[in-house]
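Visitor: Sequence below, structure please.
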Amino acid sequence: MKLNSTAILTLVLLTLMVGSGYLSSVFAYGIGREALKSVTKPDARPATKIKVRKPTSQKEGAVVMLKEQDILNTVKARIAGKGKKVRPQKVRKTTQSNNTVAPKAQLVAATEAPQPGFPISNTITGVTLSVTSARYAGGALVLKLDFKNKGDKTVRFLYSFMDITDDRGRALSANTEGLPEELPPDGNNTGTVSIPTALLDDVKSLSLQLTDYPDQQLQLRVANIPVVASIR
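Guide: Just a heads-up that it's a prediction; the model follows:
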């Protein structure tokens with residue numbers, strides 16, 4: 001009996017398929033086994049769990065006892081500390097009250113006492129210019145000026161027209177602060193004029209002259225402002 005060639009070919013192919021499948025499974029198993037060699041199974045035995053829990057429970061109990069003692073000590077310390085903090089609070093209140101009183105005393109002390117020979121005034125058509133004091137401060141002689149307008153018109157000033165001369169007729173430069181640019185009827189204002197001390201060597205008196213702007217009808221002049229008494 002002769003075999004058909006087709007049947008022989010089919011048997012050969014089946015044999016090859018089975019062999020290749022077997023070889024593939026063996027190869028895959030070997031690779032997986034090598035990969036899992038470094039993986040270890042966790043220890044989940046009950047005895048191990050008990051051994052681990054006992055030390056932790058003992059430690060927790062000890063910590064709780066310490067915390068309770070610390071809390072008691074802390075509470076006692078805080079109670080004792082509150083009694084100690086009462087006095088500093090009282091001291092702060094008294095110091096604050098003293099600080100509120102101190103500025104009042106300073107204001108009273110800061111009130112300028114009248115200087116001999118002051119004020120020196122000049123009045124023209126109801127407008128009065130007065131030099132109320134002359135004192136040294138910050139390396140300059142500070143003249144305090146007072147303006148009053150008893151007239152019925154507003155008076156305007158431009159202080160570039162103000163002339164200050166010494167007893168020898170020399171013109172002196174000065175800085176002005178707070179002087180009014182205009183003075184309404186029944187108006188009153190004050191300001192200062194500062195003259196550097198370097199310009200006052202051997203100077204005994206000063207003269208100050210100011211005119212209104214733009215009419216220039218008022219010629220307010222204050223003369224014989226003492227300097228030596230202000231310095232000494």
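Visitor: Please make it C-alpha for all contacts and neighbour counts, starting now.
Guide: OK.
Visitor: which residues touch the nearest residue to Leu158 once chain neighbours are set aside?
Guide: Nearest residue to Leu158 in three dimensions, chain neighbours excluded: Tyr213, at 5.9 Å (C-alpha to C-alpha, 6 or more residues apart in numbering). Tyr213 makes contact with 155-158, according to C-alpha atoms under 8 Å, 6 or more residues apart in numbering.
Visitor: how about a cut-off of 7 Å?
Guide: 156-158 (C-alpha atoms under 7 Å, 6 or more residues apart in numbering).
Visitor: And for Gly126?
Guide: By C-alpha under 7 Å, 6+ apart, Gly126 lies in contact with 149-151.
Visitor: quick one on the thing from earlier: which of the contacts of Tyr213 fall in strands?
Guide: Arg156 (DSSP state E).
Visitor: Can I get the contacts of Tyr213 in TSV including pLDDT and distance to Thr6?
Guide: Putting the contacts of Tyr213 into TSV (pLDDT from 0 to 100; distance: C-alpha to C-alpha, whole Å) gives the following:
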residue	pLDDT	distance to Thr6
Arg156	94	133
Phe157	93	133
Leu158	90	131
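Visitor: can you list the domain ranges for the chain.
Guide: For the chain, automatic domain parsing gives the domain ranges 41-111, 120-231.
Visitor: Mind telling me which of those the model trusts least?
Guide: Lowest mean pLDDT within the domains of the chain: domain 41-111, a mean of 52.
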